[in-house]
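Engineer: With the sequence up front, the predicted model follows.
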Amino acid sequence: MKRSLLSLAVSVAVTCSSAVWAEGSNTELEQRIANLEQRLEKSEKTADQALNKTSAFEFHGYARAGLLMNDNLNGATGTGPYMTAAGSLGGAVGRLGLEDDNYVETVLDHKSQKEDGSWSKYRIMLADSVETNNEWTGSESQLNVRQVYAEIGNLSSFSGAFENASLWAGKRFDRDNFDIHFLDSDIVFLSGTGIGLYDVQLGEDWRANFSVYGRDFGAIDSSNTDVENYIATMNNRMGAWQLMLSAMTATDNEERSAGSADTGFHAMLAYHADSFYGMSDGFSKTGVLAGQGLGAELKGIGSNGSLNEDANAVRLFSYGVTRFADNWRIAPAVLAEYSQDRFVETDEFMWATVNVRLAQELTKNFEMVYEGSYQYMDLDNGTDKADGSYYKATIAPTFKLDTAAGFFERPEIRLTASYIDWSDELNNYSVSVADGASTMGEGGEFVAGMQMETWF
C-alpha cells in the first residue's frame, strides 16, 4: 500500500514538474516528494496502530437519595438496615423505607484490546455519603477513592490452566463479592490493596481465583506504624458450588489492641442455583460461613482488628427471587449468625433475620412494593444482655420504566411508609462492643419518606 501511494505521489509530482521546473528548482521538487513520503508513512503507522489496538471508556454508578421523617414530622434518626442492637455485629434488617442517607458511587473504566486478543482495564471508583439533606455538603463530605486498580488478561504468555486467566493489582473490591440487596448486606466483602489472579482453570468445571490483600488496622504509637492484616484467599467455583478459603496474619496486632488475634481463618461454602430452590424460575443462593480469630468477622473478611484470638463465628444465609403469579414477585431472605468469645472470652451473640419483599405490578410503570422484616437477638457482651425481637412492615408505591423487568430494574422512584417496633426489653439498649455500638430507642413508631435509587 505504501509503495502504491508513493508511486501516485511521484506521478502527481512529475505531472506538476513543468511548474516546478519553471521555477528552476529541482531541489524543491525532491523536498516535496520527501515530505509527502514522511506524511504517508506517519498515516500508515497511525492506521496500523488503530488496527492493532482498540480502547473505550465506560461509566458506571450507583446512587440513592431520599427524605425520611418520623410521626412527629422530625427527621428520622438512628434508622437503617443496621439500626438494631445486633447491627454492629452484622445483623441487618430489611432496608426498604429505613435509609435516610444520600450515597453515591461513580466508577470510570478504561478498557483496551490488542489485535492478538490481550486486554487491559483500569478502574477508579469515587464514593461519598452524607446524612444532611442540604445541597451544599462540603463540610460533611466523606468523598473517597474506594477503588483504583489495573487488570490485564488473555495474555499470549499464559497457557494451559492460565490461558484465560487475568492478573490484577491495586486497591479494589474482589470481583466475586455478592450480597443480599434487600438487606443491604454483603454475604462476603473481600477488599483492600493487593494482587490477584482470576479464572485459573484447574479442571473441566473448576476454576479458581488467588489473591493477597492487605488491610490496615491502625497505629501502634505516635509514629503511625500501621498494623496490617494480610489475607491470602483461594476462591473456587465448581459448577454451581463455591468454596472460598482465606487465611490471614497481622503481626503485632496484640500490641495494638490487648488480647486481639494476630491470625485467623475464614471459609464459605455456597450454592448458586439458577432456579428458585428448584421450584420455579428465578435464582437462589444458600450457604454457610465460618471463621476463627481474625476470620470471625464473616462479612468484611479480615477487616476487624479487635477480634479476640479465641473468637469463633458461624453464619447461615439463603435468599432468592421468583415470580409466583403474572403480576407478583417475591424475594425472601434469611440471615443468621452465632459467635462467641468475640471480643472477650465471656461474650456470646446470636441473631437471626427473616425478610420478605413482595412486588405487585399494577401497570407497566407502577407497582406496589411490600416488605416485612423480623429479627430475633440474644446478645451478651460479658456485661449486659439483650434478648428480644424487632419488627418492621413497609409499603412503597414505586415508579419505574418497566415493572416486568423485575426487582433489579433501576431507576426507581418510591414513596415509603413503615411501622417499626421491638420488644420492651430492647428499649434504649446499647451493645457496646469493640468494633462499634448499636443503640435502640423506643419502638412503636411510624416513619415515612421518599427515595430514588439507581444503578447502571
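Structural biologist: Looks like it arrived, so ask away. In this text, all values refer to a predicted model and were calculated from it rather than measured experimentally. Numbers count the residues shown, from 1 in each chain.
Engineer: So for the longest strand along the chain, mean pLDDT?
Structural biologist: Of all the elements of type strand in the chain, the one with the most residues (DSSP state E) is strand 53-70. Averaging the model's pLDDT scores along strand 53-70 yields 94.
Engineer: Against which helices or strands is the next helix-or-strand element following it packed?
Structural biologist: Counting by DSSP states H and E, the next helix or strand C-terminal to strand 53-70 is strand 102-114. Contact partners of strand 102-114 among helices and strands, from 3 or more CB pairs under 8 Å, 6 or more residues apart in numbering; DSSP states H and E: strand 53-70, strand 119-130. For glycine as for every other residue, the C-beta is placed from the backbone atoms N, C-alpha and C.
Engineer: what about 10 Å?
Structural biologist: strand 53-70, strand 119-130, strand 144-153, strand 445-455 (3 or more CB pairs under 10 Å, 6 or more residues apart in numbering; DSSP states H and E).
Engineer: helices and strands around the shortest one, which ones?
Structural biologist: Looking back up the chat, that one is strand 144-153. With contacts defined as 3+ CB pairs under 10 Å, 6+ apart, strand 144-153 has these neighbours: strand 102-114, strand 119-130, strand 166-173, strand 191-203.
Engineer: what is the orientation angle of it with strand 119-130?
Structural biologist: If you take axes from the mean of the first three to the mean of the last three CA atoms, to 10 degrees, strand 144-153 sits at 170 degrees to strand 119-130.
Engineer: Next, the buried residues of strand 144-153.
Structural biologist: Buried positions in strand 144-153, judged by neighbour count with 16 or more other CB atoms under 10 Å: Arg146, Gln147, Tyr149, Glu151, Ile152, Gly153.
Engineer: How about stretch 391-408?
Structural biologist: Residues of stretch 391-408 classed as buried by neighbour count (16+ other CB under 10 Å): Lys392, Ala393, Thr394, Ala396, Thr398, Lys400, Thr403, Phe407.
Engineer: How far does stretch 248-267 sit from its chain's centre?
Structural biologist: 25 Å (CA atoms, centre = their mean, to the nearest Å).
Engineer: Export the helices and strands packed on strand 144-153 as CSV, with columns for distance to Asn74.
Structural biologist: Shown next, in CSV, are the helices and strands packed on strand 144-153 (distance: least, CB to CB, whole Å):
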stretch, distance to Asn74
strand 102-114, 18
strand 119-130, 18
strand 166-173, 36
strand 191-203, 36
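Engineer: The stretch of helix or strand Tyr376 belongs to: partners in the sheet, and parallel or antiparallel?
Structural biologist: The secondary structure element spanning Tyr376 is strand 366-380 (assigned by DSSP H and E). In the sheet containing strand 366-380, its partner strands are strand 348-361 (antiparallel), strand 385-400 (antiparallel), by DSSP bridges.
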